[in-house]
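**Student:** what follows is a protein structure lacking sequence information:
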């Protein structure tokens, strides 16, 4: 295993549950060219256009606070080693390791598809979640602007929206989000895992600096947009000592509330995470995984509804108690305010408008 600058995974040779062969990360001739002088090959980000037939994904999970979501991209250049969306790349015969961070898919027709789906007769508005799988404001959004185009459609139709991101790029869209917030249509959550720049750089190598995310919380809050901080995931013996400080900084930045999740390691994420620990924290890798198994009922991962979000046993209760005390101390005890669904109107020109 080796650490690659500005990448999260240390490995790309992960067995694929869907019968894909083991992959070699150095497959591009440009990467090979750079090894001539003995330099570490640079893994370039590529973007493939995807043309789905629909853009709203549905779910019936009983522990999810939403039943529909939009993912403008597949894969995520932020490279968060713990990302539970990594296994989805296996569906494309790609590695959940470095491929997930470097071989991205974009859906440039997303706004057009969204407009069509919102205009269907009988469509009933419920909050749409963005950022539930991969980050809607990852670096390629700067050029592709797919997330912004989708928000524009939702703003036009008064459709409720929730956003979760690790990027301060979300402040670019305050001009769309603030008017929506004034109508009770939107909330934003910034994920801040650690304030230690060294830990953040290895955990989330291409995500913005944690302080930039807290600055984004302040700017969004100042614009009247309900904004929350997610301390997720909490990684025992790596970031858990920061829980109280993170809550304090979230409150100082004007957050309306906060929540946390213990680290989850589904499918291919577990071996990737173990390899990351061996590379960056070899002195405590065994301790970290022992606590993770304690949180997860003796396994690397607990897929059970509800329990997967909370953690089990003494460690799960300890984290929950510390978090609750810190939130009370800093006044972050309020939950998410419900978003309005009664203002929705189908897109202009849509067939559904005939029935409004």
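**Tutor:** Nice, I can see it. Computed from a predicted structure; not experimentally measured. Numbering: from 1, shown residues only.
**Student:** which residues of the chain fall in strands?
**Tutor:** Secondary structure of the chain (DSSP state E): strands at 46-49, 56-58, 68-70, 73-74, 103-106, 128-130, 161-165, 186-191, 227-234, 257-262.
**Student:** tell me who's in contact with residue 68.
**Tutor:** 56, 57, 58, 59, 126, 127, 128, 129 (CB atoms under 8 Å, 6 or more residues apart in numbering). The way it works is simple: take the backbone N, C-alpha and C, and place the C-beta from them, glycine included.
**Student:** got a PyMOL select line for the buried ones in those?
**Tutor:** In PyMOL syntax, the buried subset of those is picked out as below (16 or more other CB atoms under 10 Å):
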select buried, resi 56+127+128+129
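**Student:** ok, of the contacts of residue 68, which one's closest to residue 305?
**Tutor:** Each of those was scored against residue 305 by CB to CB, and residue 59 proved nearest at 11.5 Å.
**Student:** quick revisit: now tabulate the strands of the chain in TSV and tack on distance to residue 213 and mean pLDDT.
**Tutor:** Output for the strands of the chain, formatted as TSV (distance: least, CB to CB, whole Å; pLDDT from 0 to 100):
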stretch	distance to residue 213	mean pLDDT
strand 46-49	24	96
strand 56-58	25	95
strand 68-70	21	96
strand 73-74	19	96
strand 103-106	21	96
strand 128-130	16	97
strand 161-165	8	98
strand 186-191	5	98
strand 227-234	8	96
strand 257-262	13	95
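**Student:** quick one: residue 309 from residue 233, how far?
**Tutor:** From residue 309 across to residue 233, the span is 10 Å (CB to CB, to the nearest Å).
**Student:** shared neighbours of these two, anything?
**Tutor:** residue 261.
**Student:** quick one: the closest residue in space to residue 340 that isn't next to it in sequence and residue 155, what's the gap?
**Tutor:** Excluding its sequence neighbours, the residue lying closest to residue 340 (CB to CB, 6 or more residues apart in numbering) is residue 184, at 4.2 Å. Between residue 184 and residue 155 the computed distance is 13 Å (CB to CB).
**Student:** again, but for residue 147
**Tutor:** From residue 147 over to residue 155 the distance is 12 Å, taken as CB to CB.
**Student:** and these two? Which one has more around it.
**Tutor:** Counting neighbours by other CB atoms under 10 Å for residue 147 and for residue 155 shows that residue 147 has the greater number, 27 against 19.
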